[in-house]
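Asker: Turn this into a structure:
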Amino acid sequence: MSSLKGSFIKRKPAKSQAAKKHLRKKESREVELIKQGMFIRGQNTSHAILQLLKDLYVLKKPDAVQYNRKNDIHPMESAESIEFYGDKSNSSLFAFASHSKKRPNNLVMGRLFDNTIFDMYELGVEYYQPIEAFDGEKSNMGNKPCFIFNGQEFETKDEFKRIGNMFLDFFRGRVVEYINLAGLDHVIVLTAVDDRIMFRHYSIVFKRSGTKIPKVELQEMGPSFDFTIRRSKTPSPDVEKEALKVHRSVKPKVDNNNIEKNELGETLATIHKGRQNFNEIAIRHVKALRKRKSDDNDNQDDQE
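Answerer: Okay, the predicted model is just below:
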């Protein structure tokens with residue numbers, strides 16, 4: 001019987017402040033303000049797919065890490081290297097670019113949970129225009145984008161739903177309480193047509209309209225690419241349930257008392273109010289309803 005001695009690695013406690021700070025960054029949090037993405041180059045890449053990887057890196061900056069060295073890995077077959085890079089750079093999002101005769105212009109995008117692969121999607125890029133091909137204004141680095149999803153596939157097909165959620169998770173930016181409308185200067189549009197998804201990126205331009213409200217126009221700024229779904233790996237129900245858990249300190253407190261649903265699915269609530277004193281209610285006193293002294297004198301004469 002083989003001994004288990006040496007099969008477990010004991011991690012030494014951090015001594016320096018830099019090491020302690022690095023470990024604190026990797027700790028789990030109740031609210032994850034930002035997800036960092038890593039962009040990895042494969043062993044063989046075409047000029048188009050490599051340029052697309054760089055453009056996506058520009059969109060994700062400053063919360064992004066780029067690996068320019070060639071990596072002979074195949075994420076869909078074995079994701080150990082992706083998980084290693086994710087643990088090393090503390091990243092939970094990744095994009096991997098490669099090119100081969102069997103799968104030309106291949107882009108794998110996915111997410112990690114607890115330093116393991118959560119889901120990933122292999123996309124075949126069929127059309128691509130880089131950022132450099134478009135003139136005009138560009139968005140500022142780090143600004144949050146708007147998202148538009150066109151096509152009923154994002155509502156009816158589970159695979160399209162997951163890919164839309166993945167892109168939303170990839171480029172949504174930091175979680176903030178307040179948003180400055182002046183910072184919303186670009187829009188990401190995903191359109192599903194004939195089992196293809198078209199990715200378009202526009203800048204929001206404000207022009208004079210002769211009134212206080214400016215005229216809003218969308219100007220394409222790139223990158224622009226179309227892709228099809230080749231392969232996908234989705235999480236198991238148990239892992240997905242664990243990843244979607246919300247800490248109880250973050251959950252909004254909802255009072256379920258006196259709340260019920262009827263047969264039509266409508267939510268009904270009963271509101272209980274205390275006893276009201278109508279004599280203390282501030283109402284409007286109309287002059288026409290006031291008693292006049294002459295009326296009181298007439299009443300007294302009639303009684304006599």
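
Asker: Tell me if His201 really is in a helix.
Answerer: No. Applying DSSP: H, G, I helix; E, B strand; the rest coil, one finds His201 to be strand, outside a helix.

Asker: What segments of the stretch 51-200 of the chain are strands?
Answerer: With DSSP state E, counting those that start in this stretch, the ranges of strands along the stretch 51-200 of the chain come out as 64-71, 93-98, 106-113, 116-129, 146-150, 186-193, 196-207.

Asker: and of the ones you listed, who's closest to Gly42?
Answerer: With CB to CB as the criterion, Gly42 lies closest to strand 93-98 of the strands of the stretch 51-200 of the chain, at 3.2 Å. All C-beta atoms are positioned from the backbone trio N, CA, C, and that covers glycine.

Asker: Mind giving me the packing neighbours of the closest one?
Answerer: The contact analysis (3 or more CB pairs under 8 Å, 6 or more residues apart in numbering; DSSP states H and E) places strand 93-98 against strand 37-42, helix 47-60, helix 80-89, strand 106-113.

Asker: what lines up beside that strand in the sheet?
Answerer: Its sheet considered, strand 93-98 pairs with strand 37-42 (parallel), strand 106-113 (antiparallel) by DSSP bridges.

Asker: need those in JSON lines with mean neighbour count, distance to Pro75 and mean pLDDT, can you?
Answerer: Compiled in JSON lines, the strands paired with strand 93-98 are given as follows (neighbours: other CB atoms under 10 Å; distance: least, CB to CB, whole Å; pLDDT from 0 to 100):
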{"stretch": "strand 37-42", "mean neighbour count": "22", "distance to Pro75": "9", "mean pLDDT": "95"}
{"stretch": "strand 106-113", "mean neighbour count": "23", "distance to Pro75": "5", "mean pLDDT": "95"}
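
Asker: How many residues are close by the residue lying closest to Lys20 once chain neighbours are set aside?
Answerer: In space, and not counting its chain neighbours, Lys20 is closest to Ala14: 4.7 Å by CB to CB, 6 or more residues apart in numbering. By other CB atoms under 10 Å, 13 other residues sit near Ala14.

Asker: what's the answer for Lys88, then?
Answerer: By other CB under 10 Å, the burial measure for Lys88, its neighbour count, is 10.

Asker: What separation do you get for it and Val108?
Answerer: Remark: distance between Lys88 and Val108 (CB to CB, to the nearest Å) = 18 Å.

Asker: for Phe160, same thing?
Answerer: To Val108, Phe160 is 17 Å away according to CB to CB.
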